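Asks: Sequence first, predicted coordinates after that:
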Amino acid sequence: MDKYRKIIYWSDEDNRFIAEVPELAGCMADGSTPEEALRNVSTVISEWIETAELLGREVPQSSGRKMYA
């Protein structure tokens, strides 16, 4: 499991739970449950890091603290 912080909240606009990763700009995913949003964002984190590395961009270090809100 990755070590990036995740913030989960309900979006009335999307009618879905949203999981955001503050340390990775624009990295987020949704799901019909908080658990699904977390599973989906884990996939997006891997893709975000892979893309950054392919483009030669810096990948921020994880703060090492997990946060579920």
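Replies: Looks like it came in fine.

Asks: any idea how far the residue of the chain most remote from its centre lies from residue 50?
Replies: Relative to the centre of the chain, the most outlying C-alpha is that of residue 56, 20.3 Å out, by CA atoms, centre = their mean. Using CB to CB, to the nearest Å, we find residue 56 at a distance of 12 Å from residue 50. Using the backbone N, CA and C atoms, a C-beta is placed for each residue, glycine as well.

Asks: Kindly report the same for residue 21.
Replies: 14 Å.

Asks: Just list the residues touching residue 31, thanks.
Replies: Residue 31 makes contact with 16-17, 19, 37-40 under the criterion CB atoms under 8 Å, 6 or more residues apart in numbering.

Asks: Turn those residues into JSON lines, columns for distance to residue 3.
Replies: Output for the contacts of residue 31, formatted as JSON lines (distance: CB to CB, whole Å):
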{"residue": "16", "distance to residue 3": "25"}
{"residue": "17", "distance to residue 3": "21"}
{"residue": "19", "distance to residue 3": "15"}
{"residue": "37", "distance to residue 3": "18"}
{"residue": "38", "distance to residue 3": "14"}
{"residue": "39", "distance to residue 3": "16"}
{"residue": "40", "distance to residue 3": "18"}
